[in-house]
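**Student:** Below: sequence and its predicted model.
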Amino acid sequence: MLISASSGIGRAAALLLAKNNYQVSLTGRNLTALHEVAGQIVNAGSAKENVLVTAVELANEEAPKLIVDATVQKFGRIDTLINSAGILRAGPVLESGIEVFDELMNVNVRSLVRLTRAALPHIISTKGTVVNVSSINGPCPFPNVTYYCMSKSAVDQFTKCLALEMAPNGVRVNAVWTRYLFLKWSFKTESMILVEYGSIGRFSADLQHFEYQGPHG
């Protein structure tokens, strides 16, 4: 079960898992993009019945139950949950209102927790695994993305604590620390990256090694 599978990390994970004969439940907001990913999976050789598409807004309080119920109804089980939904909002704390903090925590933390809680009973029954896509911004502080760093630190602590809770059930819980990914939703051009992050030496220096965007996970 892949959350935010229409683009970025979620899309890449979906394509890789399907290539290795997994049944995949694809979730995201953009139905058109989800169908494009599903089409790529089928064109690569997977059977149509091995792919489920569910378009839903994660902010919807009913979203976790809708996603889990649809997945279990289609495939009868959940072995793996990949939480890859996340947003980035950059700006100094004094210029970023509390509404920015709330948005980041709601999407990056609250929705992840709610989705995990909804899926856990099924994952426990299969002795499966939870994978949370976090970021190097969790353990490492950066200026102008303070709220984002806080949200990823919360994801890391949730992952570690839940791993301890779930170990007796044979369930593995892990997080992946992504570094700097270059994705369409963050910046339109490389020059925009330099405008946003040019004052942070490590960001500017790393641009030469990547092809398209800023810190994300």
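**Tutor:** All right, it came through fine.
**Student:** what helices or strands is the helix ranked longest in the chain leaning on?
**Tutor:** Counting by DSSP state H, the longest helix found in the chain is helix 146-166. Applying 3 or more CB pairs under 8 Å, 6 or more residues apart in numbering; DSSP states H and E, one finds that helix 146-166 makes contact with helix 98-105, helix 111-126, strand 129-135, strand 172-178. Backbone N, C-alpha and C define where each C-beta goes, glycine included.
**Student:** can you tell which of these is closest to residue 40?
**Tutor:** strand 129-135 (20.1 Å; CB to CB).
**Student:** tell me the mean pLDDT over the closest one?
**Tutor:** Per-residue pLDDT values over strand 129-135 give a mean of 96.
**Student:** in that strand, what's buried?
**Tutor:** Using 16 or more other CB atoms under 10 Å as the test for burial, strand 129-135 gives 129-135.
**Student:** Dump those to JSON lines, plus distance to residue 18.
**Tutor:** Shown next, in JSON lines, are the buried residues of strand 129-135 (distance: CB to CB, whole Å):
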{"residue": "129", "distance to residue 18": "17"}
{"residue": "130", "distance to residue 18": "19"}
{"residue": "131", "distance to residue 18": "16"}
{"residue": "132", "distance to residue 18": "21"}
{"residue": "133", "distance to residue 18": "18"}
{"residue": "134", "distance to residue 18": "23"}
{"residue": "135", "distance to residue 18": "25"}
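**Student:** that older thread, tell me which of the helices and strands packed on helix 146-166 is the most buried.
**Tutor:** Between the helices and strands packed on helix 146-166, strand 129-135 has the highest mean count of neighbours, a mean of 24, where neighbours are mean count of other CB atoms under 10 Å.
**Student:** The protein - how does it break down into domains?
**Tutor:** 2-182, 183-217 (automatic domain parsing).
**Student:** Need the per-residue pLDDT for the most centrally placed residue in the chain.
**Tutor:** Ranked by distance to the mean C-alpha position of the chain (CA atoms, centre = their mean), the top residue is residue 84 at 1.0 Å. Residue 84 carries a pLDDT value of 92.
**Student:** With residue 4 instead?
**Tutor:** Per-residue pLDDT puts residue 4 at 88.
**Student:** residue contacts, it?
**Tutor:** 10, 27-28, 84-86 (CB atoms under 8 Å, 6 or more residues apart in numbering).
**Student:** Who are the contact partners of the residue lying closest to it once chain neighbours are set aside?
**Tutor:** Nearest in space to residue 4, with sequence neighbours left out and distances taken as CB to CB, 6 or more residues apart in numbering, is residue 85 at 3.8 Å. Counting by CB under 8 Å, 6+ apart, residue 85 touches 3-4, 10, 28, 58, 107-108, 111-112.
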